[in-house]
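1. coords please:
(2 chains)
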Amino acid sequence: MTTQDTGTIMSSPAGAAALGPLDACGAQPIILDVRGLSTEFVMKRGTVRAVRDVSFTVREGEVLAIVGESGSGKSVAALSAMRLLQSPGRVAAGEVVYRGKDLLSLSAREMRDIRGNHISMIFQEPMTSLNPVFTIEDQLTESIRTHLKLDKKAATARAIEMLRLVGIPSPEKRVKDYPHQMSGGMRQRVMTAMALSCEPDLLIADEPTTALDVTIQAQILALLADLRKKFGMAVILITHDLGVVAESADRVVVMYCGQVVEEACAADLFEQPLHPYTLGLLESIPGMDETESDEPLYMIRGMVPNPLNLPTGCAFAPRCDYRTEQCVREMPPLVERADGRKLRCFVDVTDTAPTPVAGEVAE
Amino acid sequence: MTQPLISVRNLSKHFTMDRDLLGRTTSVLKAVDDLSFDIYPGETFGLVGESGCGKTTVGKLLVDLYTPTAGEILYNGEDLARLKPKERRRYCRDIQLIFQDPYASLNPRMTVDDIISEPIRVNRLQPPEKIDDRVGYLLNAVGLSANYRNRFPHEFSGGQRQRIGIARALAMEPKLIVCDEPVSALDVSIQAQVLNLLDDLSEEFGLTYLFIAHGLNVVKHISDRVGVMYLGKLVELAPKRELYRNPLHPYTKALLSAIPVTNPALRTERILLEGDVTSPIDPKPGCRFASRCYAKGECLGCDCDVEMPPLAEVSPEHFVACYLHPGV
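-> Next up is the predicted model:
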């Protein structure tokens, strides 16, 4: 290895480049408490219960990752909490308590004051989340003027400052650009600048890097880590990429079919996942390690059940290598263990041998 | 050494972006620029790079959907451009393509049976009375029940649709399948299923793959040799173990270090690249990666801004295009 390893720019250990987990997981005061949240979509063909009795808390300054595959309800849970659900979606039960206030019972005006100002959100698609007919300046200053009560000139100055902060070169010029004049990574930076412009307490980042290339993803994650340190905000990171979670999160909530199946501190979760689904997800990622086996990848068989027709027992049972009679019959409750981890499973995976589920792979 | 199945020699594909009043080209997008590599029978050749680096264009050139601007593609030693129409049709049968988006690549108005049997019928690969059996056999081969044959694509999940796309490619009894990001639109648990399927099929049908992807861990899992592309150029090419253990090009290093890993013990020093991928339109002379390169100027007497370093073999089977390495 030659000299180029010690890169001249911004080279830092992976841990610091990520959001930088806190030392004590779950010790700070709670700022957001989601209790028993259920969200339904009522349609002609039936009711889809996209989020089923989900509870989690976010503590001051921490990064909570919500992990799951498409359709697991992770985005819907976040949208429900922000009251951004569109018809036919509706919150059927539960409360979302933010610093003592139940967001679900606030008036539209009070909610508008919370959004952007106290809690803000970065959406998944930087390509479609910006309005194509307004300049970056228009879009950035709108929320700054509303929440910070600045005049137009001061708001523009603030917008430029935010763009500089997220690393957009020559922000005085780029602020006049339209979204189509920017690349995907730049648009994601603009979205981030917009979300952070009112210095929120809590940032909900819904798949902030999914649409981006890996080198740009690394830039955005490093940026989020940096900004989080600067502003001391809490982050809910919604993603399906366990690699991103491992490098960024303090605590992790794993969702499957609208339910929380496991919750743990990130370090514990990756050391020993307890739910068979988490275990399967981790094992089915093609490894970057040195073992380099040419063995087939571990795979979770079958596919996510139809949300209109969920199994009566554990939702994961049909695909689970550890399932028992009981799993098929009844739904395991989410139980808090002695070590503070939460788990929705009857089986102890550390103490049971898996028996692969028979049947057609793609059924 | 065995003869390569496909040899790509100095292949370029340029798109004209703008012309002046007299119709002369004034602006060129160099999607693929002077690329050379071989694919040997039975191997899986991985091609990685970020969006816009030209990897899909390479795939489309190989399946004859684009005509090269310059350079040649040799199939079993014969130049594709000089094939007679009949031989060319055989070539097109031998090289098949699996697409990235399983939602957009199947005709929603055709049943699974129509989708898979059409290429068989059109190319007269089977006598009419045997087509039904063949479709059933192919569906089973990709892990779907033959009972699904009369269903429409919308009745299937993303993973299942990708299987239908694979069955359609297999119907042509191909020698080489170009897999263009076949798993990047799928969920993690489904990705593993499709990757394992592709692995099994390569043994069963004696297939060779050109596997195009941006996920380096996916490419690592499935490939034998891996080429790394940046802005239309191949910057590094090596057997996968060598490439992942001992990456030489600064871009490959940055790319590898940017992958988030779940095992904290495997984390390495992260190299953050500044800026975005530069535009492939009217590229400046010199190394394409120079504007983002953190190692630029570390070697004396090499001019990264003047000339693109050629791809040179620095150790057996390990090629790299960077002045930092002796032999370039």
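2. going forward, measure contacts and count neighbours with C-alpha atoms only.
-> OK.
3. give me every residue that touches residue B:277.
-> With contacts defined as CA atoms under 8 Å, 6 or more residues apart in numbering or on different chains, residue B:277 is in contact with B:231, B:292.
4. that's a helix at it, yeah?
-> No - using DSSP: H, G, I helix; E, B strand; the rest coil, the assignment for residue B:277 is coil, not a helix.
5. Got the confidence number for it?
-> Here the pLDDT value assigned to residue B:277 is 73.
6. so how far is residue A:186 from it?
-> Relative to residue A:186, residue B:277 is positioned 11 Å away (CA to CA, to the nearest Å).
7. for residue A:274, same thing?
-> Between residue A:274 and residue A:186 the distance is 38 Å, computed by CA to CA.
8. quick one, helices of the chain?
-> No chain in the question, so chain A it is. A:14-17, A:74-81, A:108-114, A:136-148, A:152-165, A:171-174, A:184-196, A:214-231, A:242-248, A:266-271, A:276-283, A:325-329 (DSSP state H).
9. nope, chain B please
-> B:55-62, B:85-94, B:112-122, B:131-141, B:158-170, B:188-205, B:216-222, B:240-245, B:250-257.
10. Are there helices or strands packed against the fifth one, and which ones?
-> Right, helix B:158-170. Where contact means 3 or more CA pairs under 8 Å, 6 or more residues apart in numbering or on different chains; DSSP states H and E, helix B:158-170 is packed against strand B:95-98, helix B:112-122, helix B:131-141, helix B:188-205.
11. Get me the contact residues on the stretch 101-250 of chain A for chain B.
-> Counting by CA under 8 Å from any CA of the partner chain, the residues of the stretch 101-250 of chain A close to chain B are A:183, A:185, A:213-219, A:240, A:242-247.
12. one more time with 6 Å
-> Within reach of chain B by CA under 6 Å from any CA of the partner chain, the stretch 101-250 of chain A has these residues: A:213, A:214, A:215, A:218, A:243, A:244, A:246.
13. can you pull the contacts of the fourth one?
-> Which is residue A:218. residue B:258 (CA atoms under 6 Å, 6 or more residues apart in numbering or on different chains).
14. measure it to residue A:225 for me?
-> Note on residue A:218: its distance to residue A:225, by CA to CA, is 11 Å.
15. Tell me the bridge partners for the spatially most central residue of chain B.
-> Nearest to the mean C-alpha position of chain B, by CA atoms, centre = their mean, lies residue B:212 at 3.0 Å. Here residue B:212 sits in beta bridges with residue B:47, residue B:180, as judged by DSSP bridges.
16. which residues does it contact?
-> B:46, B:47, B:179, B:180, B:181.
17. Can you give me the neighbour number for residue 308?
-> In the absence of a named chain, chain A is used. Residue A:308 has 13 neighbours, counted by other CA atoms under 10 Å in any protein chain shown.
18. Not quite, go with chain B.
-> Residues lying near residue B:308 (other CA under 10 Å) number 20.
19. My guess is it contacts residue B:286. True?
-> Yes - when contacts are counted by CA atoms under 6 Å, residue B:308 is listed as touching residue B:286 (4.3 Å).
20. Tell me where the chain is predicted with low confidence.
-> All of this is about chain A. Scanning chain A with the threshold set as pLDDT under 70 gives A:1-24, A:26, A:287-294, A:357-363.
21. oops, I was thinking of chain B
-> B:1, B:300, B:327-328.
22. Tell me the residues on it that lie near chain A, please.
-> B:50, B:189, B:192-193, B:196, B:217-218, B:221, B:258, B:260-262, B:269-272, B:294-295.
23. hang on, the earlier thing: who wins for neighbours among the contacts of residue B:212?
-> Going by other CA under 10 Å, residue B:46 tops the contacts of residue B:212 with 28 neighbours.
24. nearest to residue A:320, of the helices of chain B?
-> Nearest of those to residue A:320, taken as CA to CA: helix B:188-205 at 12.4 Å.
25. sorry, back to before: okay, the helices and strands packed on helix B:158-170 in JSON lines with mean neighbour count next?
-> What follows is those, written out as JSON lines (neighbours: other CA atoms under 10 Å in any protein chain shown):
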{"stretch": "strand B:95-98", "mean neighbour count": "23"}
{"stretch": "helix B:112-122", "mean neighbour count": "20"}
{"stretch": "helix B:131-141", "mean neighbour count": "19"}
{"stretch": "helix B:188-205", "mean neighbour count": "20"}
